[in-house]
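Chemist: next come a sequence and a model predicted from it.
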Amino acid sequence: MNNHLSPYMQFNRKEWAALRNAVPMTLSAEELVSLQGINEDLSIEEVSTIYLPLSRLLNYYISNNFTQQAVLSKFLGTHHKVPYIIGIAGSVAVGKSTTARVLKALLASWPEHPKVALVTTDGFLHPNKVLEERNIMNKKGFPQSYDVKKLLQFVSDIKSGVKHVSAPVYSHLVYDIVEGETVEIESPDILILEGLNVLQSPLNSNVANNRVFVSDYVDFSIYVDAEITLLHDWYINRFLNFRAGAFSDPNSYFHHYSQISESDALARAEKIWKSINELNLIENILPTRERASLILTKGFDHRIDSVQLRK
Ligand SMILES: Nc1ncnc2c1ncn2[C@@H]1O[C@H](COP(=O)(O)OP(=O)(O)O)[C@@H](O)[C@H]1O
Ligand SMILES: CC(C)(COP(=O)(O)O)[C@@H](O)C(=O)NCCC(=O)O
């Protein structure tokens, strides 16, 4: 059902899936296997019902953008080619990185084989050392925990056509920035920028008098949404999975949680969710949802129930 006053066209799962029929799409057996490697819980039905039509839609937008750039090149008499940036935002544990990795694989499998790079904004968090000095370890993921200036410089370099750009790396397992590790970006056609802050504005950033937003550089933005109770469950599950994987790895931040009882670890995870991630969602992430070009709303089991596309 479409509400005339809403800036979005609304599709339920069935309506969105039907769009796929208008443009037949197939994936090779090899491509399906490689997608399953991204996340073993990701269903292939979900990929073909939701993510394939989405990648098809993005393909249209991106082709259109590249055609416009070719027009500009003709007009200016120069070679004008700038990467297309797709932003993916949403709560901690909603599935941003899984969505980003699926889209990366699908976009790269088009016949044109565009070069797709993926960067997560976690890499632009201040290292734990700085968060500790500033006494904001309990604000990790909040606007003040990011080096926004560095992040803006990164996206600005990409959009200015700088050929070689590098981004710092964050590890969930180490629970910190990995010193000396970077992702190297070499003139991609498409950059997927994933993180809870990609739609945030200077109003909640830590750069005084800054008038530029990360989203100013984003061509198409996706907000992945779900009810808080589901997000809570997905966060706790992921925490317990990290804990289970950390029993034998003393370098993992979660190793500590593998040394205490499961119920104590669970109580700790509940507390972190409530006092940090849920609070951040309500104060800083959810208010950015209506700035997105597209909203994917998940239900039980990460199944996408509805899609809203900006008119
Ligand atoms: N489409 C999906 N189907 C099944 N499980 C998923 C899906 N997307 C994410 N998950 C699971 O949900 C949890 C959070 O996903 P993740 O991609 O790490 O979220 P985020 O990057 O938003 O923090 C992980 O345990 C992941 O395996
Ligand atoms: C590093 C993060 C801010 C990033 O979020 P994500 O990539 O999981 O969406 C988050 O995972 C986090 O560590 N939050 C702080 C509280 C905690 O969960 O430990």
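Modeler: Arrived safely, thanks for sending. Ligands and ions are numbered 1, 2, ... in the order given.

Chemist: with adjacent residues omitted, what lies nearest to the closest residue to ligand 2 within the stretch 101-250 of the chain?
Modeler: Closest contact between the stretch 101-250 of the chain and ligand 2, by Cβ to the nearest ligand atom, is at G141 (3.0 Å). The way it works is simple: take the backbone N, C-alpha and C, and place the C-beta from them, glycine included. The shortest distance from G141 to any non-neighbouring residue, by Cβ to Cβ, 6 or more residues apart in numbering, is to N280 (5.1 Å).

Chemist: and the one you found, what does it touch?
Modeler: Contacts for N280 were tallied using Cβ atoms under 8 Å, 6 or more residues apart in numbering; they are 92, 139, 141-142, 196.

Chemist: got the contact list for I222?
Modeler: I222 is in contact with 86-89, 99, 292-296, counting by Cβ under 8 Å, 6+ apart.

Chemist: quick one: classify it as helix, strand or coil.
Modeler: Here I222 takes the strand state, with states given by DSSP: H, G, I helix; E, B strand; the rest coil.

Chemist: also F247?
Modeler: Taking three-state DSSP as the rule, one finds F247 in the coil state.

Chemist: ligand 2 contacts on the protein?
Modeler: Taking Cβ under 6 Å from any ligand atom as the test, the list of the chain residues beside ligand 2 reads 92-93, 96-97, 122, 140-141, 196, 272, 276-277.

Chemist: rerun at 5 Å
Modeler: By the criterion of Cβ under 5 Å from any ligand atom, the positions of the chain lying close to ligand 2 are 92, 122, 140-141, 272, 276.

Chemist: any chance of JSON lines for these, columns secondary structure?
Modeler: Conversion of the residues of the chain next to ligand 2 to JSON lines gives the following (three-state DSSP):
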{"residue": "V92", "secondary structure": "coil"}
{"residue": "D122", "secondary structure": "helix"}
{"residue": "K140", "secondary structure": "coil"}
{"residue": "G141", "secondary structure": "coil"}
{"residue": "I272", "secondary structure": "helix"}
{"residue": "I276", "secondary structure": "helix"}
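
Chemist: most surrounded residue in the contacts of N280?
Modeler: Across the contacts of N280, neighbour numbers were computed from other Cβ atoms under 10 Å; L196 holds the maximum, 26 neighbours.

Chemist: which residues in the stretch 1-150 of the chain form strands?
Modeler: With DSSP state E, counting those that start in this stretch as the definition, the stretch 1-150 of the chain shows strands at residue ranges 8-12, 84-90, 116-120.

Chemist: for G161, which of these is the nearest?
Modeler: Taking Cβ to Cβ, strand 84-90 is the member of the strands of the stretch 1-150 of the chain nearest to G161, at 12.5 Å.

Chemist: so where is the stretch 201-311 of the chain shaky, pLDDT-wise?
Modeler: 202-210 (pLDDT under 70).

Chemist: need the residue closest to the centroid of the chain.
Modeler: Within the chain, one residue has its C-alpha closest to the average C-alpha position: by Cα atoms, centre = their mean, that is E194, at 2.7 Å.

Chemist: am I right that that one is in contact with K96?
Modeler: Yes - under the criterion of Cβ atoms under 8 Å, E194 makes contact with K96 at 4.9 Å.

Chemist: where do the contact lists of those two overlap?
Modeler: I88.

Chemist: how much space between Q259 and ligand 1?
Modeler: With the distance defined as Cβ to the nearest ligand atom, to the nearest Å, Q259 ends up 22 Å from ligand 1.

Chemist: state the phi and psi torsions of that residue.
Modeler: phi -90, psi -10 (degrees, to the nearest 10).

Chemist: if I look at it, how far off is ligand 2?
Modeler: Between Q259 and ligand 2 the computed distance is 17 Å (Cβ to the nearest ligand atom).

Chemist: what's around that residue, how many residues?
Modeler: Using other Cβ under 10 Å as the criterion, Q259 is surrounded by 12 other residues.

Chemist: pick out the residue of the stretch 151-300 of the chain closest to ligand 2.
Modeler: At 4.2 Å from ligand 2, I276 is the closest residue in the stretch 151-300 of the chain, using Cβ to the nearest ligand atom.

Chemist: any idea how far that residue lies from ligand 1?
Modeler: The value you get for I276 to ligand 1, if Cβ to the nearest ligand atom is used, is 13 Å.
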